[in-house]
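In: here is my input; please provide its structure:
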Amino acid sequence: MIIDLDAHQGNGHEMDFAHDGRVYILDMYNTEIYPQDYEARRYIHQRVELLSGVSTKEYLERLDKELEVDPDGVIKRDEKVFSFAQQKKVPIVMLTSGGYMKSSARVIADSIINLSSKHLIELNK
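Out: Model prediction:
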């Protein structure tokens with residue numbers, strides 16, 4: 001299972017796993033930005049399309065049943081996804097988004113610290 005929650009449509013993995021029935025893709029993305037790959041969208045099993053300016057509250061509500069998510073929303077989002085994976089006993093890989101700027105490093109670090117404090121990940125010391 002791939003749960004893709006960054007702002008961009010995950011057309012790379014959608015095309016990579018297009019014909020692999022073992023991989024289920026949930027992609028939550030902003031339809032107004034790059035890449036707008038309509039062919040790859042055919043391979044998303046669970047598509048959650050958002051528009052620019054979606055609130056954190058609505059984003060998290062849509063994640064339960066953009067992409068202007070505040071730092072607290074990112075932490076809550078990550079916690080929900082890791083809790084889900086732990087409950088279902090499925091492996092998970094975290095690829096951080098927004099790591100392109102120094103300004104986002106703090107929220108990524110805070111999210112990882114939160115996941116560790118909730119025993120959703122184990123940090124090697």
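In: what strand or helix carries Asp58?
Out: If you look again at residue 58, you'll see it is Glu, not Asp. Per DSSP states H and E, Glu58 falls inside helix 56-64.
In: figure out how far that helix is from the centre of its chain.
Out: Distance of helix 56-64 from its chain centroid, counting by CA atoms, centre = their mean, to the nearest Å, is 12 Å.
In: which strands and helices sit next to it?
Out: Judged by 3 or more CB pairs under 8 Å, 6 or more residues apart in numbering; DSSP states H and E, helix 56-64 is in contact with strand 46-50, helix 71-88. The way it works is simple: take the backbone N, C-alpha and C, and place the C-beta from them, glycine included.
In: would you mind getting the angle between that helix and helix 71-88?
Out: In terms of direction (axes from the mean of the first three to the mean of the last three CA atoms, to 10 degrees), helix 56-64 departs from helix 71-88 by 10 degrees.
In: list the buried residues for the worst-scoring helix or strand of the chain on mean pLDDT?
Out: The helix or strand of the chain with the lowest confidence, counting by mean pLDDT, DSSP states H and E, is helix 56-64 at a mean of 81. Taking 16 or more other CB atoms under 10 Å as the basis for neighbour counts, the residues of helix 56-64 that come out buried are Thr56, Tyr59, Leu63.
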